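> Okay, predicted coordinates and the sequence, questions at the end:
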Amino acid sequence: MSNTPGTRIPGRNILAVPGPTNIPDAVQRAMVVSMEDHRSTKFPELAHGLLADLKTLYRTADGQPFIFPSSGTGAWEAALTNTLSPGDRVLVPRFGQFSHLWADMAQRLGLDVEILDVDWGEGVPVERIGEILKADRQHTIKGILACHNETATGVTSDIRALRRVMDDAGHPALLFVDGVSSIGCIDFRMDEWGVDLAVTGSQKGLMLPAGLGILCVSQKALKMITQAKSRRCYFDLADMVRANATGYFPYTPALSLLYGLRAALDLLFDEGLDRVFARHHYLASGVRAAVAEGWGLELCAKAPKWHSDTVSAIVVPQGFNAAQVIDTAFRRYNLALGAGLSKVAGKVFRIGHLGDLNELMLISAIAGAEMAMLDAGIDVCPGSGVGAAGQYWRTHTQAAADPVAKPALRRVAAA
């Protein structure tokens, strides 16, 4: 049987979207458990251990983690409704689909949302926010909603720098951070960066199915619970605080996912968080070599300082439709690439490089994307992306993460 267009031969699907990500075998096995009584005297061993280890993941001593049976969107809502009241003014930089959706949620919840529109391909406008905060002498701004890693455009923002301008302005606003596609993949330091509320989800760096929304809350933000007037029930942190103190949840938890989370955290800690971050930077750099040096294409991220280590959004040449590349990759080559969203729909396709991943897994995605582009008529040299990525990985090795800058990469002699 010939592999004609529209015909897909058997074999494993290559998952190269920026979430959900590949699930390690150890995590898969951990989730295959018999159901048990989540009110038993044994259950708190699991719950207390997870909540303690999530503090390590967030790099916080004082923050309090909460685990909801939800997506990351649920944790977004919990963060807003437990600390803010209808009419409160918040700043939301909007530079991609997910920062847009967070702003939309804040508006639906009755907050006074000041949107700071930024070119898609850039990130949080730190200096602009600093000037706005300095001008807000009455401290009417109650929160800043910042997307650490904008998955739609492959952009990572500098949260450390954002905290710096907040402190320089002497402003007491809460710092909300969406870390759904960064926490567990990209260096994140809740205490050091003064983050008040940080959100993530189970299906990205934690290498689980979707279904857990995780929120970590500073002590400053926890004190806002009694003052916040937003209506809430399912996502009420006060209920969680009371139940979690004894090792339980206010409602039935997602038991299988909790056992998977236990295994996932063990894998991350066994590897070492700094090495996890270095690995993501190393793998992402190979993908970027394929895009720029191999294919001669551009990323949606407008400058290296914005480059994401978890997802690359690749801009197709003018006159071509990225959706055709994505569809061909899926239907003909059994490769799942991320689609362009909203403003960049049809303009980009995305390669996710996060979670349980190595060089050869990414080579498959690069090769499939290359073949799909050629099928769509895009003039790239066959084998160029694979060659550039392979050469990069052959001549570099991952090093421990730099606590200030991105992880260093060390050149090695070519074989």
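Structure's in. What do you need? Nothing here was measured: the structure is a model prediction, and the numbers come from that model. Numbers count the residues shown, from 1 in each chain.
> The helix or strand hosting R288 packs against which elements?
Assessed by DSSP states H and E, R288 sits inside helix 273-289. Counting by 3 or more Cβ pairs under 8 Å, 6 or more residues apart in numbering; DSSP states H and E, the packing neighbours recorded for helix 273-289 are strand 311-315, helix 359-375, helix 384-395, strand 396-398, strand 409-411. The way it works is simple: take the backbone N, C-alpha and C, and place the C-beta from them, glycine included.
> Which residues outside the helix or strand following that helix are in contact with it?
On the C-terminal side of helix 273-289, the nearest following helix or strand under DSSP H and E is strand 298-299. The set of residues external to strand 298-299 that reach it, using Cβ atoms under 8 Å, 6 or more residues apart in numbering, is 154, 288, 291-292, 307, 312-315.
> Tell me which strands strand 298-299 pairs with, and in which orientation.
Partners of strand 298-299 in the sheet, by DSSP bridges, are strand 311-315 (antiparallel).
> Now do the buried residues in the partner strand.
Within strand 311-315, the residues scored as buried using 16 or more other Cβ atoms under 10 Å are 311-315.
> what residues are up against P93?
Residues in contact with P93 (Cβ under 8 Å, 6+ apart) are 99, 115-116, 118, 123-125, 129, 145-147.
> What is the nearest of these to T226?
Each of the contacts of P93 was checked against T226 using Cβ to Cβ; the closest is L145, at 21.9 Å.
> For the closest one, which phi and psi angles does the backbone take?
Dihedral angles of L145 (phi, psi; degrees, to the nearest 10) stand at phi -100, psi 110.
> Quick check, pLDDT for it.
In the predicted model, L145 carries a pLDDT score of 98.
> Next, format the contacts of P93 as TSV and append secondary structure and distance to C300.
Shown next, in TSV, are those (DSSP: H, G, I helix; E, B strand; the rest coil; distance: Cβ to Cβ, whole Å):
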residue	secondary structure	distance to C300
S99	helix	14
I115	strand	20
L116	strand	19
V118	coil	13
G123	coil	12
V124	coil	16
P125	coil	17
I129	helix	22
L145	strand	21
A146	strand	19
C147	strand	14
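> nearest to G247, of those?
Nearest to G247, judged by Cβ to Cβ, of those is L145 at 31.7 Å.
> Quick check: that closest one vs V155, distance?
When Cβ to Cβ, to the nearest Å is the yardstick, L145 and V155 sit 15 Å from each other.
> and what of M240?
From M240 across to V155, the span is 32 Å (Cβ to Cβ).
> Same check on Y234?
As judged by Cβ to Cβ, Y234 and V155 stand 31 Å apart.
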